[in-house]
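> mind looking at a prediction? Sequence and model below.
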There are 2 protein chains.
Amino acid sequence: MKVSKMFLTTLREVPAEAEIPSHILLLRAGFIKKLVSGIYGFLPLGSRTLQKIENIVREEMDAAGSQEILMSALQPAELWQESGRWGAYGPEMWRIKDRNQREFCLGPTHEEIFTDIVRQAVSSYRQLPLSLYQIQTKYRDEARPRFGLMRSREFIMKDAYSFDKDEAGLDVSYKTMYDAYTKVFERCGLKFRPVEADSGAIGGNNSHEFTALSEVGESEIVYCDACDFAATSERAEFKDEIQAGVSDAELEKVYTPGTKTIEAVCEYLGADVKKSIKALLIQVAEEEGPGAKYVLALIRGDRQLNMTKLVNALNVPEYLVSMADEEKMSAVTGCVGGFTGPIGIHDCTIILDSELKGSKDMVCGANEKDHHFKGVSEGRDFKADKVVDLKLLQEGDPCPCCGKPVKVARGIEVGQVFKLGTKYSEPMHCYYRDENQVDRPVVMGCYGIGVTRTMAAVVEQHHDENGIIWPMSLAPYHVDIVIAKSGDPVQSALAEEIEKKLEAAGVEVMVDDRDERPGVKFKDSELIGIPIRITVGKKAGEGIVEYKLRRGGDMEELTADEAVSKAVALVDLEKRG
Amino acid sequence: MKVSKMFLTTLREVPAEAEIPSHILLLRAGFIKKLVSGIYGFLPLGSRTLQKIENIVREEMDAAGSQEILMSALQPAELWQESGRWGAYGPEMWRIKDRNQREFCLGPTHEEIFTDIVRQAVSSYRQLPLSLYQIQTKYRDEARPRFGLMRSREFIMKDAYSFDKDEAGLDVSYKTMYDAYTKVFERCGLKFRPVEADSGAIGGNNSHEFTALSEVGESEIVYCDACDFAATSERAEFKDEIQAGVSDAELEKVYTPGTKTIEAVCEYLGADVKKSIKALLIQVAEEEGPGAKYVLALIRGDRQLNMTKLVNALNVPEYLVSMADEEKMSAVTGCVGGFTGPIGIHDCTIILDSELKGSKDMVCGANEKDHHFKGVSEGRDFKADKVVDLKLLQEGDPCPCCGKPVKVARGIEVGQVFKLGTKYSEPMHCYYRDENQVDRPVVMGCYGIGVTRTMAAVVEQHHDENGIIWPMSLAPYHVDIVIAKSGDPVQSALAEEIEKKLEAAGVEVMVDDRDERPGVKFKDSELIGIPIRITVGKKAGEGIVEYKLRRGGDMEELTADEAVSKAVALVDLEKRG
């Protein structure tokens, strides 16, 4: 492809809206174009790379025995009502009515649709196991779309669903997908880590997130170098530190002027922060209507609340849960901003972190300005409605597997595998008849890859100050032939000869024949991130060209044929990823 | 692929909802699945054929120098307001608001989006010409979705847009696309005819429709065997038949009891139907609100009204125009059901067919029960507000080019090419600076292929009473190897050997290894429409198989190697279409 004919829209300036490298570079290199906040189009280079990711996904899914289908983005509300999820997605779901006022959504995910297809087609154990996937456009009306393709409102996903007779079958399907995902992300050139994950609104008990390691990632993962433990922060279990041998003390209200933080009050009282209770007032909005319920979450003073664990404990849609305004809620619950505690609080549910079960001689807020309690015993002085692990595992906390200090890293969630079990098959009655003529719910798994997000994640891991450095497997073109002086007949002829030889060998080539200085062409080539650059310049008459890799290394002077051979060999080696 | 592992959902019964062969067969053969009215999913076989159509389109578009991009389905209202089309699509447009109440539509077409992209990127004549395309999901909330993929509410289109400096450039781009479309439909195995077409809501003056000939098609085309003329009925011009030498006659109101049709009154009065005026009261609804305006369309008694020509003459969105209820409108306009005519009518616009301009001594309704006028002269007795061609060209009418009688056929619109000119570039200010530093609007063309509809059109043209007969280029698999007796080790071994040899030669194979009678497997093979069937049966021990083509011809007994060679040769010959 001649660059003079290409719809190339590279930008010198950094777009004001873009903050992270992938967003900046995909815009600057002309891979994507913003339409409105969170909605992007793919320009010719972006479309090529997108199709390469899709093809890698397709090949690995096919190899894993999954069969491709394509379902609609429009989904009728009835199916979501059947599964009980019509309310669960909240404002993140794009809802739409047709001309007859029938309600639809633009699918954020497709569990209901696939379950519906399979319940109509499958009746016997002989038809299982079954695995189906699609590569399709999804819609989530994010409250804060940001970072370009990282968190957008329209995006492409590969979603797959497995259908098995039993849990043992699901284990096999899950493992197959886990392995296929590993291959997909390896072929895309990603450094990633599969970690134990929370399964969110999708439901189910067993899940792994495939996290591409990146400073700008929105996922936080916790892992242990001493053992195999790795999990998302939101999911990571916490090994309770139980303080043995502590006796009950006398409950006493103390004057603690101006000590609005746990640290301040502990310092004032000369107490260990580990002997304090942090109380957080949480608001749970009604699904419809202006009302709300209140929850008091209690954790040890030196711990952080894990909101995901709290939401799971409450068993409500996440979007309904937020921090309450303690000032305004004083009249309702008796709390006092900065001095809230469990003793004397009313009209709210108390959820206690498991580490505080049976704790004695603790400090906590007294629900009175400038006052705290000391000598507090859980059970004696207040009672919890529920006891669960509410803690966020943080850098240096003990590993829940081996006890060694864990490490924290950031990453981008590019894929997730879930064991759904019968969460959808039961309410939607997707049953099969087993070998003994007994009807049983199909056991399901679901498996997602963020295709467009993967594009962004790869750029996050593969770029430098000059632009993108595509792995060969995803590069829009493998080779950029730069004609140093456009219009020079000798250079043009040699460039064309090289182009033809490369294309005959299956190499994808762009030829920069624009009437621009070589520097401009080199800059664009580096910005776009083409793996191999062959420059045809002054020595074209002698058949000599310059050969250079985008990833680094010295520029070499080679004969045209040597350059072709070297490029073909490298592309063949790396193309499949 | 082993059929025992395939998600195969063939049906013996004809689904009640399906009326036409493509709809029935694509459902029965398990290519598509209905979700709700007008919304379909593609099952594994359908997904494979769909991708083959997409790839043919992609190859021909690339070969024509068009560059692939991918734009969002969600489009902000602002762009449509800029082009003036936000109202023009009416209830056919799916409209949706985001969480901030911003208005979007699900794109029924993408002129605005592509114009927006190009106006931001193109500033100089040096960047033109340019051609961009996408293969993408479109949305139209059809009032009567029907016939499966033929008229659905979510469908896949390839849409392309060309951007040129001037009309001469557009002519070249248009011709390039016209030729590419011809190749696409030839490769898909369609019998089709490019015909002159109306350009509908898209606008512009010059358009061709690619019509796949089919009895069940919703398009009607008119063509002439004596010359090259071919057009859609809605577009086809009509050569007026002017009756010379007729003198004015005296206007006379006559009693014509019970003569509610033109034919009846002409017979009653002993007049030639060609000497009568048919008056049709048309209602044009307000875009918003309950009001309406009225139009009286006048055509010769033996002609039919061409609603598209009327809508174009009125210059309003098509969905606002309908036949009025003459009974109810009597009070408003003075019309009388069955006896409506132009004399004495009021509060409505009169549009006269060009053939009636200057007509004399005519018969028409008198706006009084059981009465007509005779001796009517246009101009003397009534005046038209507008004179245009309103006639539908019908079988046997004179060809507008050569005057010979035309023929009428039905067809399926699978593609359309339009010259848009500056219809979008002017209001949306998509300008370029020419060689003389003058800013000029970009001259555009747009070009659509109904990808999913093409699948249906191919089935309409390629089927028999037993099922689909796919052309090699679109078949989900090229060869179906039927194992007559599943589990027979000799048959299974030979089938596997054939499968491996075929796949090594790039042939796509399904192997029917199900524990079913051969008859069931043959029936499914014919229903699905696999071009080549190789049956491995009793003579497997001798290395002999049966070779049969779906399209007909005798069953042959061949050695396995002969069958492989023959299949490979046929696939190689026909695969590309």
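Looks like it arrived, so ask away.

> which stretches of the stretch 251-400 of chain A form helices?
A:262-269, A:307-314, A:326-333 (DSSP state H, counting those that start in this stretch).

> if we ignore the residues flanking it in sequence, what's nearest A:L149?
Counting by CB to CB, 6 or more residues apart in numbering or on different chains, A:A456 is the residue found nearest to A:L149 once chain neighbours are left out, at 4.1 Å. For every residue, glycine as well, the C-beta is placed using N, CA and C.

> ah, wrong one, I meant A:F114
Counting by CB to CB, 6+ apart, the residue nearest A:F114 is A:Y161, at 4.3 Å.

> which SSE is the one you found in?
strand A:154-164 (DSSP states H and E).

> for the residue in the stretch 201-350 of chain A that chain B sits nearest to, what are its contacts?
Closest residue of the stretch 201-350 of chain A to chain B, CB to the nearest CB: A:Y319 (10.7 Å). Residues in contact with A:Y319 (CB atoms under 8 Å, 6 or more residues apart in numbering or on different chains) are A:Y89, A:G90, A:P91, A:E92.

> what do you get for A:A264?
For A:A264, the contacting residues are A:G258, by CB under 8 Å, 6+ apart.

> re earlier: what pLDDT does the model give the residue nearest to A:F114?
A:Y161 is assigned 98 on the pLDDT scale.

> try A:A244
80.

> tell me the buried residues in stretch A:422-439?
A:T422, A:K423, A:Y424, A:S425, A:M428, A:C430, A:Y431, A:Y432 (16 or more other CB atoms under 10 Å in any protein chain shown).

> what would these look like in TSV with secondary structure?
Shown next, in TSV, are these (DSSP: H, G, I helix; E, B strand; the rest coil):
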residue	secondary structure
A:T422	coil
A:K423	coil
A:Y424	coil
A:S425	coil
A:M428	coil
A:C430	coil
A:Y431	strand
A:Y432	strand
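
> re the thing from before, what is the neighbour count of the residue nearest to A:L149?
Using other CB atoms under 10 Å in any protein chain shown as the criterion, A:A456 is surrounded by 28 other residues.

> for A:D62, which three-state class applies?
helix.

> for A:F114, same thing?
helix.

> coming back round to it: the strand holding A:Y161 pairs with which strands?
Strand pairing for strand A:154-164, using DSSP bridges, gives strand A:130-139 (antiparallel), strand A:443-450 (antiparallel).

> list the buried residues for the strand of greatest length in chain A?
In chain A, assigned by DSSP state E, the strand with the most residues is strand A:407-421. Neighbour counts over strand A:407-421 (16+ other CB under 10 Å) mark A:A409, A:G411, A:I412, A:E413, A:V414, A:G415, A:Q416, A:V417, A:F418, A:K419, A:L420, A:G421 as buried.

> how does chain A divide into domains?
Per the record, chain A has its domains at A:3-237+A:408-460, A:252-388, A:477-574, by automatic domain parsing.

> packed most tightly, which of the ones you listed would that be?
domain A:3-237+A:408-460 (a mean of 20; mean count of other CB atoms under 10 Å in any protein chain shown).

> separation between A:T535 and A:V3?
Distance, A:T535 to A:V3, using CB to CB, to the nearest Å: 14 Å.

> what pairs with the spatially most central residue of chain A across the strands?
Note on chain A: the residue nearest the mean C-alpha position is A:E413, at 2.5 Å, using CA atoms, centre = their mean. When assigned by DSSP bridges, A:E413 has beta-bridge partners A:T211.

> quick one: pLDDT of it?
On pLDDT, A:E413 comes in at 95.

> that one and A:E209 touch, don't they?
Yes. If you go by CB atoms under 8 Å, A:E413 and A:E209 touch, sitting 5.2 Å apart.

> who touches the helix or strand of chain A with the lowest mean pLDDT?
Within chain A, confidence by mean pLDDT, DSSP states H and E is lowest for helix A:326-333 among all helices and strands, at a mean of 84. Contacts with helix A:326-333, where a contact means CB under 8 Å, 6+ apart, come from A:281, A:283, A:294, A:296, A:335-338, A:340, A:345-348.

> how about stretch A:213-230 as CSV, C-alpha atoms only?
Extracted C-alpha coordinates of stretch A:213-230, given in CSV (Å, rounded to 0.1, in the frame of the first residue of the first chain):
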residue,chain,number,x,y,z
LEU,A,213,0.7,-5.7,33.9
SER,A,214,0.7,-1.9,33.5
GLU,A,215,1.1,1.1,35.7
VAL,A,216,-1.9,2.7,34.2
GLY,A,217,-4.2,-0.3,34.7
GLU,A,218,-7.4,0.1,36.6
SER,A,219,-7.1,-3.3,38.2
GLU,A,220,-5.0,-3.8,41.3
ILE,A,221,-3.6,-7.3,41.8
VAL,A,222,-1.9,-8.8,44.8
TYR,A,223,0.6,-11.5,44.5
CYS,A,224,3.1,-13.4,46.4
ASP,A,225,6.7,-14.1,45.3
ALA,A,226,7.1,-16.9,47.8
CYS,A,227,4.1,-19.0,46.6
ASP,A,228,1.7,-19.1,43.6
PHE,A,229,-0.9,-16.8,45.1
ALA,A,230,-2.2,-14.1,42.8
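
> and the average pLDDT for it is what?
Stretch A:213-230 comes out with an average pLDDT of 90.

> now stretch A:79-90
Stretch A:79-90 comes out at a mean pLDDT of 89.

> what do you get for stretch A:99-115?
pLDDT averaged over stretch A:99-115 gives 96.

> over to stretch A:180-200?
For stretch A:180-200, the per-residue pLDDT averages 91.

> can you check stretch A:478-489 too?
What stretch A:478-489 shows for mean pLDDT is 97.

> can you give me the end-to-end distance of it?
End-to-end distance of stretch A:478-489 (CA to CA, to the nearest Å): 24 Å.

> what lies in contact with it?
A:472, A:491-492, A:495, A:498-499, A:502, A:507-516, A:518, A:521-522, A:525, A:528, A:530-538, A:540, A:567, A:571, A:575.

> chain center to that stretch, what's the gap?
Chain-centre distance of stretch A:478-489: 41 Å, with CA atoms, centre = their mean, to the nearest Å.

> and for stretch A:398-412?
On CA atoms, centre = their mean, the centre of stretch A:398-412 falls 19 Å from that of its chain.

> start and end of it, how far apart?
24 Å.

> what touches both of A:E413 and A:E209?
A:S219.
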